[in-house]
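Participant: got a sequence here, can you model it:
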Amino acid sequence: MRRREFITLIGGAAAWPLRAQAQNAMPVVGYLGSASPQQWTTRLQAFHEGLGEAGFEQGRNVAIEYRWAEEKYDRLPELANQLVRRNVAVLVTPGSAPAALAAKAATTTIPIVFETGADPVAVGLVPSLSRPGGNVTGIAALTFETGPKRLEILHEAIPAANPIAVLVNPEAGEAVGRQATDLEASAAKLGLQLRKLHASNDRELGAAFSVMQDKHVGGLVITADPFANSRIKEIAALALRYGVPAIFVNPQFAKFGGLMSYGGNIVETHRLAGIYVGRILKGEKPADLPVIQGTKVELVINLKTAKALRLTLPESLLGRADEVIE
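Facilitator: Okay, the predicted model is just below:
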């Protein structure tokens, strides 16, 4: 399916619930997205592929009602409540722990399928991965676990870079604190100095890059959190403007001009979320479906950015990349 056709399909999704009501046959899936359909084209396609593997196709035997927060996370609780009032058959919250938590707060009866890079137990989504219980289950992407590896890859790309900056959002809570702690332990093993810089809003983000320039940092690792995910384009542009080689978990970062990304494969995890939604529509209960942990990771390198930064990356690193943007 062409990208333009797919976006048109998603853009017209509001009509599906009305058709479903008229036919009084199709189950309705509530899709709570923290960003926008234009940003999530790849994820949406993967989700629909998973639904298809489970035997469901939008418009044929399932309707999907979308709510998009457009990166305004304070809107998530009300959007979740709208879908609950719609009495959807399943509520799916891909790509965002805040969306999953908003859905969980909104209902204890409607099945919820999440997809998140956060630790589902640590953030309070489920009491156990193997026995989630209740009405919530889903997919855990390899996000936090790959943080130390991102530092290792940056060090391999630029061995002389020291110190390395770490961009942290202090308002994101324990999950980001854990990432910073893991990075500090990894830096000690590599003999690197880390300079932790805080950014929880646009003003602090700009100030952080000014500090990087003043302190002559050799590279940047960005911790994963909703604010950083909502500013992927801006961070990539700032890194290029200030001449800072940077790495992030989201593959869109490299595609927007950041040097590298390394993390869980979002196509895999969103496809799995679609499969789980299909299984629940067929009658399985979330309490009986263990949380699936993603297994695939991908390394994306933007060679155009490397050239702009006057970096010569090791052939061994380029050879391992899943995608090289030239």
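Participant: shaky segments in the protein?
Facilitator: 1-24, 172-177 (pLDDT under 70).
Participant: is Lys296 in contact with Asn265, as I believe?
Facilitator: Yes - contact criterion CB atoms under 8 Å: Lys296 and Asn265 qualify, at 3.8 Å. Just so you know, the C-beta spots here come from the backbone N, C-alpha and C atoms, and that holds for glycine as well.
Participant: who's more crowded, the two?
Facilitator: Ranked by neighbour count (other CB atoms under 10 Å), Lys296 and Asn265 place Asn265 first, with 18 against 13.
Participant: just give the number of residues close to the residue nearest to Pro290 when sequence neighbours are not counted.
Facilitator: Spatial nearest neighbour of Pro290, chain neighbours left out: Ser130 (4.9 Å); criterion: CB to CB, 6 or more residues apart in numbering. Using other CB under 10 Å, Ser130 has 7 neighbouring residues.
Participant: measure Ser130 to Val121 for me?
Facilitator: 10 Å (CB to CB, to the nearest Å).
Participant: Gly319 versus the spatially most central residue of the chain, what's the distance?
Facilitator: Nearest to the mean C-alpha position of the chain, counting by CA atoms, centre = their mean, stands Gly95 at 4.4 Å. Distance of Gly95 to Gly319, given as CB to CB: 30 Å.
Participant: do you know how far the residue nearest to Pro290 is from Glu315?
Facilitator: 42 Å.
Participant: which ones are touching the residue nearest to the centre of the chain?
Facilitator: 33-35, 40, 43, 115-116, 266, 270 (CB atoms under 8 Å, 6 or more residues apart in numbering).
Participant: from Tyr276, how far out is it?
Facilitator: To Tyr276, Gly95 is 14 Å away according to CB to CB.
Participant: same question, Gly138
Facilitator: 7 Å.
Participant: can you pull the residues that touch both of those two?
Facilitator: 113, 292.
Participant: give me the domain ranges for this protein.
Facilitator: Domains of the chain are assigned by automatic domain parsing as 3-143+265-297, 144-248.
Participant: now those domains in JSON lines, with distance to Ala306?
Facilitator: Shown next, in JSON lines, are these (distance: least, CB to CB, whole Å):
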{"stretch": "domain 3-143+265-297", "distance to Ala306": "20"}
{"stretch": "domain 144-248", "distance to Ala306": "8"}
